[in-house]
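>>> just the structure for this:
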Amino acid sequence: MARTPLTQQEIDAALAKLPGWRLEGDRLVKTFQLRNFKEAVSFIVRMSFEAEALDHHPELRNVYHTVDIALTTHDAGNKVTQKDVDLARAIEHFSWI
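Numbers count the residues shown, from 1 in each chain. All right, here's what the predicted structure looks like:
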């Protein structure tokens, strides 16, 4: 099911409530610094439960204790939608960072 892309104003309003998240191109992105690799992988696993619950899957990059997350909605032409904002909020809710 296609999603409607958010306007720049809607994205700006959402980012104002998502500390550390930013818009890069057509993706919401954030870098998380954990204490070590084990915590980074645990963070990714915990995030996977949120992603599955929302049926929305992030782009991930993990190097040692760093996890980079990028959110975009593929079925909306790789644009930012409410699904991306919802997942970012869910990640922030459980994040122990």
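
>>> in three-state terms, label Ser42 for me.
Of the three states, Ser42 takes helix under DSSP: H, G, I helix; E, B strand; the rest coil.

>>> where does this protein dip in pLDDT?
For the chain, applying pLDDT under 70 flags the ranges 1-2, 95-97.

>>> all helices in it, in order from the N-terminus.
Using DSSP state H, the helices of the chain run over residues 8-15, 37-54, 82-94.

>>> could I get those helices as TSV with distance to Arg27 and mean neighbour count?
To be clear about C-beta, it is placed using only N, CA and C from the backbone, and glycine gets the same treatment. Listed next are those as TSV, based on distance: least, CB to CB, whole Å; neighbours: other CB atoms under 10 Å:
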stretch	distance to Arg27	mean neighbour count
helix 8-15	11	14
helix 37-54	15	15
helix 82-94	8	18
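
>>> my guess is Leu6 contacts Asp86. True?
No: applying CB atoms under 8 Å as the test, Leu6 and Asp86 come out as separate, 11.3 Å apart.

>>> ends of stretch 28-37, what's the gap?
Stretch 28-37 stretches 23 Å from its first residue to its last (CA to CA, to the nearest Å).

>>> buried ones in that stretch?
Of the residues in stretch 28-37, those scored as buried under the neighbour-count criterion (16 or more other CB atoms under 10 Å) are Leu28, Val29, Lys30, Phe32, Leu34.

>>> the fourth one contacts Asn62, doesn't it?
Spelled out, that is Phe32. No: because the distance of 9.7 Å does not satisfy CB under 8 Å, Phe32 is recorded as not touching Asn62.

>>> now for the two: what residues contact both?
Shared contacts of Phe32 and Asn62, defined by CB atoms under 8 Å, 6 or more residues apart in numbering, comprise Ala40, Asp68.

>>> for burial, what's the neighbour tally of Thr4?
When neighbours are counted by other CB atoms under 10 Å, Thr4 registers 11.

>>> can you pull the contacts of it?
Applying CB under 8 Å, 6+ apart, one finds that Thr4 lies in contact with Ala76, Thr81, Gln82.

>>> with Arg3 instead?
Under the criterion of CB under 8 Å, 6+ apart, the neighbours of Arg3 are Thr73, Asp75, Ala76, Thr81, Gln82, Lys83.
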